[in-house]
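Q: the following block contains a protein sequence and its predicted model.
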Amino acid sequence: MDMKRINRASVFCSAFVLALVLSSATAGASQPNILVIIADDCTHNDLPLFGGQNAKTPRIDAFAKQGLVFNKAYVSEAMCQPCRSEMYSGQHPIRNGAAWNHSGSRLDTKTLPHFMEDLGYRVGLAGKVHVTPKAVFPFERVEGFDISCVRSPTKEHETNSIEQFMTRDVDEPFCLVVALVEPHVPWVMGDRSQYPDDKIKLPPYMVDTPTTRDAYARYLAEITYMDGQVGEILDTLESTGKANETLVLFTSEQGAQIPGCKWTNWDNGLHTALIARWPGRIDAGYRTDGIVQYADFAPTFVELAGGDAGDHNFDGTSFLGTLFDCKKPHRSFAYGVHNNIPEGPAYPIRTVTNGEFRYIRNLSPDEIYIEKHLMGVKGNGALNNPYWSTWVFESGQTEEAEAIVKRYIKRPAEELYRTSEDPFELTNLVGDPRYAAIKEELSRELDLWMHDQNDPGIPMDTREAHTAAKKGKHIY
């Protein structure tokens, strides 16, 4: 695929096409179906589509050629529950109340089932749920895919149930989320033999040890397994005859459970893969630099269905304009938050990116970052992530390993990266006078966002706040 290919024709016709689509969307039966496929804990740049040098993903690669690839899509928080609540509600995690993993959204939060059912849609969810409470997320439950990321390789999935959901009512459009549980740990699915240790190219934020290579190979095998599931879901849609009237989005969620990805505010944590396909409506084989966040999904779906996104308390805005004109920008900034609770001791972080530069503010820089999934022990006595201890050991042997470990556990008060040239964000430019102006601009923008979100910073990121949110009695 030509990474720089630009759809020049869309510059002239996008406004007309968008108006035509929105007009037809209000015509009841002509409303498009919506299918969202979510991977689980898949670092975007481990996919070949985003520069990955290892994983085999033939179905995702083929799907991308049929649609539009977003180079700059982001979640607001690199944890499962917060980012999914963001997608379904159109609000950032702080606003909807699920700013902590394994917590819960505010009881008055409205989500896709509310928005889309009001517009005549059936709204279902197959696979992993991981959002609460049920009254806030009243999806119709669709069987066929595993609901637990702690899965067994003996459990199989099936597509009959999603096919039945898609075809059940011919006069009623559907909005269906299929939330896969791969490649979330434990990495037990797929053919690990496809990834021999000596053939793997480790990203530069990892310490190269035999245990790391084994873990990464198993993770890559799960990506390929996930890719096969994506293909099966797309084939199922095709078999229903509804593919041409369905907007399909594939997204990779946050980064993998590998140090430097999930549970961080670095790009590897917050940057998500996003591909959109709608035959005959979205031009195929192009890429866009339009910045979008998960909070933009719900308003986009509402507008696509003929509703008014302004009727809801969304943080996000519709990116239909970018869908139909890949050169059209969407938002100027994307934002992020992390608190590390309940994954470990509080470690509040906030970030903002303009797609080229990322600014990060660590609110407790004197603390050491500790994440229990790296340090912790499973019920059988085995380490959660056995490769981390090999990283720590190697940090006493080589300066390279020492720098990687220190980067993870000891953070400065501020970080600034030119992500467009340093995609793994390994060179902190915060003290470089050449970038003082961009640092100040992004810092001010982050202050404005925190104010808009009523984000008090450190006081919010406590175990007490998490416990209250879990009970539906939010302190913040």
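A: Great, that's in hand.
Q: do you know how far Val129 is from Phe314?
A: Separation of Val129 from Phe314 (CB to CB, to the nearest Å): 22 Å. For the C-beta atoms, the positions are set from N, CA and C on the backbone; glycine is no exception.
Q: gap between Val292 and Ser420?
A: Counting by CB to CB, the gap from Val292 to Ser420 is 17 Å.
Q: what about Arg168, neighbour count?
A: Burial measure for Arg168: 11 neighbouring residues, criterion other CB atoms under 10 Å.
Q: repeat for the one 4 residues further on
A: For Glu172, the neighbour count with other CB under 10 Å is 13.
Q: between Val292 and Ser420, which one's more packed in?
A: A count of neighbours by other CB under 10 Å puts Val292 above the other of Val292 and Ser420, at 25 against 14.
Q: which pLDDT value belongs to the more buried one?
A: The score at Val292 is 98. That number is its pLDDT.
Q: that one looks like it's in a strand, true?
A: Yes. With DSSP: H, G, I helix; E, B strand; the rest coil as the criterion, Val292 is assigned to a strand.
Q: show me the strands in the stretch 151-300 of the chain, by range?
A: Using DSSP state E, counting those that start in this stretch, the strands of the stretch 151-300 of the chain run over residues 174-179, 246-251, 271-277, 286-288, 292-293.
Q: run me through the strand neighbours of the fourth one, direction for each.
A: Using DSSP bridges, the neighbouring strands of strand 286-288 in the sheet come out as strand 68-74 (parallel).
Q: how about the third one?
A: Strand partners for strand 271-277, identified by DSSP bridges, are recorded as strand 68-74 (antiparallel), strand 246-251 (antiparallel).
Q: now do the shortest one
A: Based on DSSP bridges, the strands next to strand 292-293 in the sheet, each with its direction, are strand 68-74 (parallel).
Q: Lys155 is nearest to which of the strands paired with strand 271-277?
A: Smallest distance to Lys155 across the strands paired with strand 271-277 (CB to CB): 22.4 Å, for strand 246-251.
Q: give me the angle between the closest one and strand 174-179.
A: 20 degrees (axes from the mean of the first three to the mean of the last three CA atoms, to 10 degrees).
Q: pLDDT of strand 246-251, averaged?
A: Per-residue confidence for strand 246-251 averages out to 98 on the pLDDT scale.
Q: mind checking how far that strand is from the chain centre?
A: Here the centre of mass of C-alpha atoms in strand 246-251, compared against the chain's by CA atoms, centre = their mean, to the nearest Å, lies 14 Å away.
Q: stretch 197-214 too?
A: A distance of 24 Å separates the C-alpha centroid of stretch 197-214 from that of its chain, computed with CA atoms, centre = their mean.
Q: average pLDDT for it, rounded please.
A: Averaged across stretch 197-214, the pLDDT comes to 97.
Q: start to end distance for that stretch?
A: Between the start and the finish of stretch 197-214 there is a gap of 6 Å, counting by CA to CA, to the nearest Å.
Q: any weak-confidence spans in the stretch 151-300 of the chain?
A: When the per-residue scores of the stretch 151-300 of the chain are filtered using pLDDT under 70, the ranges that remain are 152, 154.
Q: so which of the strands of the stretch 151-300 of the chain gets nearest Asp41?
A: strand 271-277 (10.9 Å).
Q: ok, Arg463 to Pro345 distance?
A: Using CB to CB, Arg463 is found at 9 Å from Pro345.
Q: can you redo the strands paired with strand 271-277 as CSV with mean neighbour count and distance to Tyr359?
A: Output for those, formatted as CSV (neighbours: other CB atoms under 10 Å; distance: least, CB to CB, whole Å):
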stretch, mean neighbour count, distance to Tyr359
strand 68-74, 25, 14
strand 246-251, 23, 24
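Q: closest to Ile404 out of these?
A: Closest approach to Ile404 among those (CB to CB): strand 68-74, 23.8 Å.
Q: state the mean pLDDT of that closest one.
A: Along strand 68-74, the predicted confidence averages to a pLDDT of 98.
Q: what's the burial count for Pro279?
A: Look at Pro279: counted by other CB under 10 Å, it has 14 neighbours.
Q: number the chain from 4, please
A: Sounds good: first residue 4 from here, last item Pro282.
Q: tell me the contacts of it?
A: Contacts were defined as CB atoms under 8 Å, 6 or more residues apart in numbering; by that measure Pro282 touches Gln69, Ala246, Asn247.
Q: dump the strands paired with strand 274-280 to a markdown table, plus distance to Ile285.
A: Conversion of the strands paired with strand 274-280 to a markdown table gives the following (distance: least, CB to CB, whole Å):
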| stretch | distance to Ile285 |
| --- | --- |
| strand 71-77 | 5 |
| strand 249-254 | 8 |
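Q: nearest to Asp299, of those strands?
A: Each of the strands paired with strand 274-280 has some distance to Asp299 by CB to CB; the shortest is strand 71-77, at 8.9 Å.
Q: sounds good, over and out.
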